[in-house]
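> Next comes the sequence, and after it the predicted model I'd like to discuss.
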Protein chains: 2
Amino acid sequence: MSTRRDELLAKINAALDRLLPPEGDTALLYEAMRYSLLAGGKRLRAIMLIEFCELFGGSFDDAIDFACAIECIHAYSLIHDDLPCMDNDDLRRGKPTNHIVYGEANAMLAGDALLTYAFEHMLESTVAHENTDRAVEAMRVISHGAGAGGMCGGQLLDLENEHRGADLDRLVRTCSLKTGALFIAACEAGAILGGADERGREAAREYACNVGLAFQVVDDLLDVVGNAESFGKDTGADVRQGKSTFASELGIDKCRELAHKLTAAAKDALSGYVGADELVGLCDELENRTF
Amino acid sequence: MSTRRDELLAKINAALDRLLPPEGDTALLYEAMRYSLLAGGKRLRAIMLIEFCELFGGSFDDAIDFACAIECIHAYSLIHDDLPCMDNDDLRRGKPTNHIVYGEANAMLAGDALLTYAFEHMLESTVAHENTDRAVEAMRVISHGAGAGGMCGGQLLDLENEHRGADLDRLVRTCSLKTGALFIAACEAGAILGGADERGREAAREYACNVGLAFQVVDDLLDVVGNAESFGKDTGADVRQGKSTFASELGIDKCRELAHKLTAAAKDALSGYVGADELVGLCDELENRTF
């Protein structure tokens, strides 16, 4: 990982840690929210949002509140995804899932409250933002990516796939919504906040769409081939459940090929842009990651 | 009910019905969202938002998208509240609850997607809104009322009350967050959209805070005294569960007194305002309702 990325990750984690201080008679809710929000992770969506903002001329300060909001949305989606009525997972990143610690009802509320807080935080930021129009448009893009036309829709398809199976097209469609839509929202929102025109926004979407798919393809691969480093990761839930995955549909070699092709397409989307080294390096790293 | 209110209700329901057309491979999610969003109800929050907007000089068109969004948030909260891990209710307004029809996982997703859509819809409206600053501030207030500092926090207290019981102060606090916060957000957002100054916003909050409490007090009363008209209503869940309610803590007569006092305080908050007849009439009706 680059030094720049290390620093960015540290700044994002510090900013997240300043959110949602648990106090008063509802402290437990804030605790539950923080438990998942601060449970680590690569902060990919936040990093991409900030990088795209800076790529198009914006600053870290223009982007950080929206980057934190995207992580709140990601954290809420994991909490709800882990619940017994969804994937019923007890472990996430080697720690007990939210509902194991706080109970189902509180976990659901923590997810609801994190999603709501994402918008509250962005709106508080927008009131003070230099460019309200950009902030509003960035929020609009994020709300779309997180909702029925994006991530929530993808979750529905994913649930349906458990019963009906899924061919490659269906897997691509599911993943484009479930995982891709929030990557796309993060990258496009960053571009908007940085002042990108429609061509720039399109490049951000194209990058994110390919990275999102590649990310899932590699995830499925790692679930199959495993890795000593994956200890504590929630490995192989889909494999255990016998669900279709990119690995099960394509086999390992074709999976690697696909991940490589998608990563090349992601890099290609940024080929005309000076200063995109971090974003280019990031998708290379994601393709070659082992955990 | 006044003719004006009838017309307003019809316009709100028509606007809600135009949202979220179910199409494509995620049509089931939209169906589940619409099932609860269009299941009837008094649309109190939407009506209050629009009335406050107009009271301070705004138009129906300035307010309707935000009014629909508040109803999306209310609908999501009911779906999640009815889930097995929360109140585990099979019926809502005489119809099977969302999870009974669509299953737990889809119901949770429908709630998530409705909450997200509320913001998406407001943000789409904001892009086209004449006064972006007012729209942003209205959304900020709504996000706060719906979140950990409002409705979600109240849900947590309500869950805790099942185990630890609740004295009158605690009931007031719980209800102020669980029910009151969204009423307050609706009324204050309406006032903001209409162009109210801080004094006007304070009046809207004061009205809503009292109406919200009165609403719950009367609800608790109706759960105890029942009514022939209450057929099909989810009556008495709290009574069945042996939870503390305003009725159980105060008895019926003192409950009626309290509802009357709160309603008077709500009307009092609007005493200086010309054109508040509908809002005044509304809280009288809510106090004297029998279902």
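Nice, thanks for sending it over.
> Checking my notes, A:Gly40 in a strand, right?
No: when classified by DSSP: H, G, I helix; E, B strand; the rest coil, A:Gly40 is found to be coil rather than part of a strand.
> May I have the phi/psi pair for it?
Dihedral angles of A:Gly40 (phi, psi; degrees, to the nearest 10) stand at phi 90, psi -160.
> dump the residue contacts of it.
A:Arg93 (CB atoms under 8 Å, 6 or more residues apart in numbering or on different chains). Yep, even glycine has a C-beta here, placed from its N, CA and C like the rest.
> Next one, pLDDT for it please.
Listed pLDDT for A:Gly40 reads 91.
> again with A:Glu130
82.
> In which helix or strand does the nearest residue to it once chain neighbours are set aside reside?
Closest residue to A:Glu130 apart from its sequence neighbours, by CB to CB, 6 or more residues apart in numbering or on different chains: A:Asp62 at 7.5 Å. Here A:Asp62 sits within helix A:60-82, counting by DSSP states H and E.
> so is A:Leu221 in a helix, a strand, or just coil?
Quick answer, by three-state DSSP: A:Leu221 is helix.
> thought it was touching A:Asp253?
No: assessed by CB atoms under 8 Å, A:Leu221 is found out of contact with A:Asp253, at 10.2 Å.
> who has more neighbours, these two?
Each of A:Leu221 and A:Asp253 has its neighbours counted (other CB atoms under 10 Å in any protein chain shown); A:Leu221 has more, 20 against 8.
> which non-adjacent residue is nearest the more buried one?
In space, A:Leu221 is closest to A:Cys255, 5.0 Å off (CB to CB, 6+ apart).
> So A:Ser244 lies in a helix, does it not?
No: assignment of A:Ser244 by three-state DSSP gives coil, placing it outside any helix.
> List the contacts of the residue nearest to it when sequence neighbours are not counted.
Excluding the flanking residues, the one nearest A:Ser244 by CB to CB, 6+ apart is A:Ala166, at 4.2 Å. The contact partners of A:Ala166, by CB under 8 Å, 6+ apart, come to A:Thr174, A:Lys243, A:Ser244, A:Glu249.
> and the last one, what helix or strand is that in?
Under DSSP H and E, the secondary-structure element containing A:Glu249 is helix A:246-250.
> so how far is the very next helix or strand once past that helix off the chain centroid?
With elements assigned by DSSP H and E, the helix or strand that comes after helix A:246-250 is helix A:252-269. Centroid displacement of helix A:252-269 relative to its chain, using CA atoms, centre = their mean, to the nearest Å, is 19 Å.
> coming back round to it: go through the helix holding A:Asp62 and flag the buried ones.
Judged by neighbour count (16 or more other CB atoms under 10 Å in any protein chain shown), helix A:60-82 contains these buried residues: A:62-82.
> Stretch A:251-270 now?
Quick answer for stretch A:251-270 (16+ other CB under 10 Å): A:Cys255, A:Arg256, A:Leu258, A:Ala259, A:Leu262, A:Thr263, A:Ala265, A:Ala266, A:Lys267, A:Ala269, A:Leu270.
> Tabulate the contacts of A:Ala166 (a markdown table), appending pLDDT and distance to B:Asp112.
What follows is those, written out as a markdown table (pLDDT from 0 to 100; distance: CB to CB, whole Å):
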| residue | pLDDT | distance to B:Asp112 |
| --- | --- | --- |
| A:Thr174 | 97 | 17 |
| A:Lys243 | 82 | 21 |
| A:Ser244 | 88 | 24 |
| A:Glu249 | 93 | 28 |
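> most neighbours, which of the residues you listed?
Busiest of the contacts of A:Ala166 [other CB under 10 Å] is A:Thr174, holding 24 neighbours.
> Identify the residues contacting A:Leu221.
A:Leu221 is in contact with A:Phe246, A:Ala247, A:Ile252, A:Cys255, A:Arg256, A:Ala259, counting by CB under 8 Å, 6+ apart.
> which residue sits closest to A:Phe56 in space, ignoring its chain neighbours?
A:Gly194 (3.2 Å).
> what's the span of stretch A:35-44, first residue to last?
19 Å (CA to CA, to the nearest Å).
> Quick check: buried residues in it?
A:Tyr35, A:Ser36, A:Leu37, A:Ala39, A:Gly41, A:Lys42, A:Arg43, A:Leu44.
> from the residues you listed, which is closest to A:Leu19?
Distance to A:Leu19, by CB to CB, is smallest for A:Leu37 among the buried residues of stretch A:35-44, at 7.3 Å.
> any idea of the pLDDT on the closest residue to that closest one other than its chain neighbours?
Closest residue to A:Leu37 apart from its sequence neighbours, by CB to CB, 6+ apart: A:Ala75 at 4.5 Å. Here, the pLDDT recorded for A:Ala75 equals 98.
> ok, now how distant is A:Ala75 from A:Ala118?
9 Å (CB to CB, to the nearest Å).
> A:Leu286 now?
Taking CB to CB, one finds A:Leu286 at 23 Å from A:Ala118.
> Who has more neighbours out of these two?
A:Ala118 (29 against 19).
> show me the contacts for the more buried one.
So A:Ala118 contacts A:Ala69, A:Ile70, A:Cys72, A:Ile73, A:Tyr76, A:Ile142, A:Ala146 (CB under 8 Å, 6+ apart).
> do the same with A:Pro21
Residues near A:Pro21 by CB under 8 Å, 6+ apart: A:Tyr30.
> List the buried residues in stretch A:196-204.
For stretch A:196-204, using 16+ other CB under 10 Å, the buried residues are A:Ala196, A:Gly200, A:Arg201, A:Ala203, A:Ala204.
> Same question for stretch A:118-137.
For stretch A:118-137, using 16+ other CB under 10 Å, the buried residues are A:118-123, A:125-126, A:129, A:132, A:134-137.
> Show me the helices in the stretch 101-250 of chain A, by range?
In the stretch 101-250 of chain A, the helices defined using DSSP state H, counting those that start in this stretch lie at A:104-128, A:132-146, A:151-164, A:168-175, A:181-194, A:198-225, A:237-240, A:246-250.
> Would you mind listing the buried residues in the longest one?
When burial is assessed from 16+ other CB under 10 Å, helix A:198-225 yields the following buried residues: A:200-201, A:203-224.
> repeat for the fourth one
Along helix A:168-175, these residues count as buried under the neighbour rule (16+ other CB under 10 Å): A:Arg170, A:Leu171, A:Val172, A:Arg173, A:Thr174, A:Cys175.
> OK, contacts around A:Phe56?
A:Phe56 neighbours (CB under 8 Å, 6+ apart): A:Gly190, A:Ala191, A:Gly194, A:Gly195, A:Ala196, A:Gly200.
> Output those residues as JSON lines; include the columns distance to A:Tyr30 and pLDDT.
Formatted as JSON lines, the contacts of A:Phe56 follow (distance: CB to CB, whole Å; pLDDT from 0 to 100):
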{"residue": "A:Gly190", "distance to A:Tyr30": "27", "pLDDT": "98"}
{"residue": "A:Ala191", "distance to A:Tyr30": "32", "pLDDT": "98"}
{"residue": "A:Gly194", "distance to A:Tyr30": "32", "pLDDT": "98"}
{"residue": "A:Gly195", "distance to A:Tyr30": "35", "pLDDT": "98"}
{"residue": "A:Ala196", "distance to A:Tyr30": "35", "pLDDT": "98"}
{"residue": "A:Gly200", "distance to A:Tyr30": "37", "pLDDT": "98"}
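> Out of those residues, which is nearest to B:Ala185?
A:Gly190 (29.1 Å).
> Quick one: residues contacting the closest one.
By CB under 8 Å, 6+ apart, A:Gly190 lies in contact with A:48-53, A:55-56, A:58, A:63, A:66-67, A:138, A:204.
> Among these, which one lies nearest to A:Ile12?
The closest of the contacts of A:Gly190 to A:Ile12 turns out to be A:Ala67 (CB to CB; 6.1 Å).
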